[in-house]
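Engineer: My questions concern the predicted model and sequence given below.
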Amino acid sequence: MADDVILKVRDLYRTYDIKGGMFKKASTLTAVKGVNLDVERGTTLAVVGESGCGKSTLARMLTMIDAQSSGLIEIDGLPIDISKTGISREMRQKVQIVFQNPYGSLNPRQKIGHVLEEPLLLNTDMPSAERRDLALQMLEKVGLQPEHYGRYPHMFSGGQRQRIAIARAIMMKPKLLVLDEPVSALDLSVQAQILNLLADLQEEMGLTYVFISHDLSVVRYIADKVMVMYFGEVVEYGTRDEVFENPQHEYTKTLFAATPNADVESIRKRLAAKAA
């Protein structure tokens, strides 16, 4: 149903002007070409493709880091075009992002409590006592302890830092969470823990995910729908089972053929063996 669609994208483009030089003409690079998609409430869309296919550019537009060149982005019924309207508090509360490298996205000079409270400080009028209480609740929700509130990012493991990044992203209870390669920098056993955490949070909070990844095993483990991108275009789009069991585009077939053990049982066995 249309009312269940949290993210709606129509004919989305992102182009970059490339300056010329003495021996090179100016040109235009089209990083995202005519993307259309719908993501329903409480589901996960995985965006798959090799480096340079446009998936991270798409993530940056969905999270209002970059503006689209043209096309429609609508999140929970609110049209998003930061080049025309800027970024309001309401927009920021609807969508958040979790990056690949959690340490790079955390200020090393800020204690974790401040890291978690900062989105509330910037985007709400919540009193400081309430911000602290919510930060402590979120630490517990992602599997950390109250004493972690006063520690610095360098005092945590990679998996713990990613839990902190996830906690920060859900502080304002967003409608949409964009996860840009959130487990690719982690060991397999830690990947399993983070994927399970994301599944639990989605069920508990009704979160909607756009999950950017090149790892097909992880995609098959977590996705409801899959979108395959190739040179900025969508070449395959469907349910997880449709795409994995009967890929239609030659690029998708080639991508799958080059990735061993891209099935859900395989990743479960790999993760269980690593954790043992």
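Structural biologist: That came through fine.

Engineer: Mind pulling up the pLDDT for the nearest residue to Ala223 once chain neighbours are set aside?
Structural biologist: Closest residue in space to Ala223, ignoring its immediate chain neighbours: Ala46 at 3.6 Å, by Cβ to Cβ, 6 or more residues apart in numbering. The way it works is simple: take the backbone N, C-alpha and C, and place the C-beta from them, glycine included. pLDDT, Ala46: 97.

Engineer: Could the C-alpha coordinates of whichever strand or helix holds Ala46 be exported in CSV?
Structural biologist: Per DSSP states H and E: Ala46 is located in strand 44-48. The C-alpha coordinates for strand 44-48 follow below in CSV (Å, rounded to 0.1, in the frame of the first residue of the first chain):
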residue,chain,number,x,y,z
THR,A,44,15.2,-3.7,4.2
LEU,A,45,16.3,-2.7,0.7
ALA,A,46,19.8,-3.8,-0.1
VAL,A,47,21.7,-1.9,-2.8
VAL,A,48,24.4,-4.0,-4.4
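
Engineer: Which is the succeeding secondary structure element to it?
Structural biologist: Downstream of strand 44-48, the next assigned helix or strand under DSSP H and E is helix 55-62.

Engineer: got the angle for that following helix vs strand 44-48?
Structural biologist: Relative orientation of helix 55-62 versus strand 44-48 (axes from the mean of the first three to the mean of the last three Cα atoms, to 10 degrees): 140 degrees.

Engineer: If you count contacts, what does the helix or strand just after helix 55-62 end up packed against?
Structural biologist: Going down the chain from helix 55-62, the next helix or strand is strand 70-75, by DSSP H and E. Under the contact criterion of 3 or more Cβ pairs under 8 Å, 6 or more residues apart in numbering; DSSP states H and E, strand 70-75 touches strand 5-18, helix 55-62.

Engineer: Reformat these as TSV; add mean pLDDT, distance to Leu255 and mean neighbour count.
Structural biologist: Shown next, in TSV, are these (pLDDT from 0 to 100; distance: least, Cβ to Cβ, whole Å; neighbours: other Cβ atoms under 10 Å):
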stretch	mean pLDDT	distance to Leu255	mean neighbour count
strand 5-18	95	22	17
helix 55-62	95	13	23
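
Engineer: sec struct for Val183, please.
Structural biologist: What DSSP: H, G, I helix; E, B strand; the rest coil gives for Val183 is coil.

Engineer: Please work out how many residues are found near the closest residue to it other than its chain neighbours.
Structural biologist: Closest residue in space to Val183, ignoring its immediate chain neighbours: Gln191 at 4.3 Å, by Cβ to Cβ, 6+ apart. Counted with other Cβ atoms under 10 Å, the neighbours of Gln191 add up to 24.
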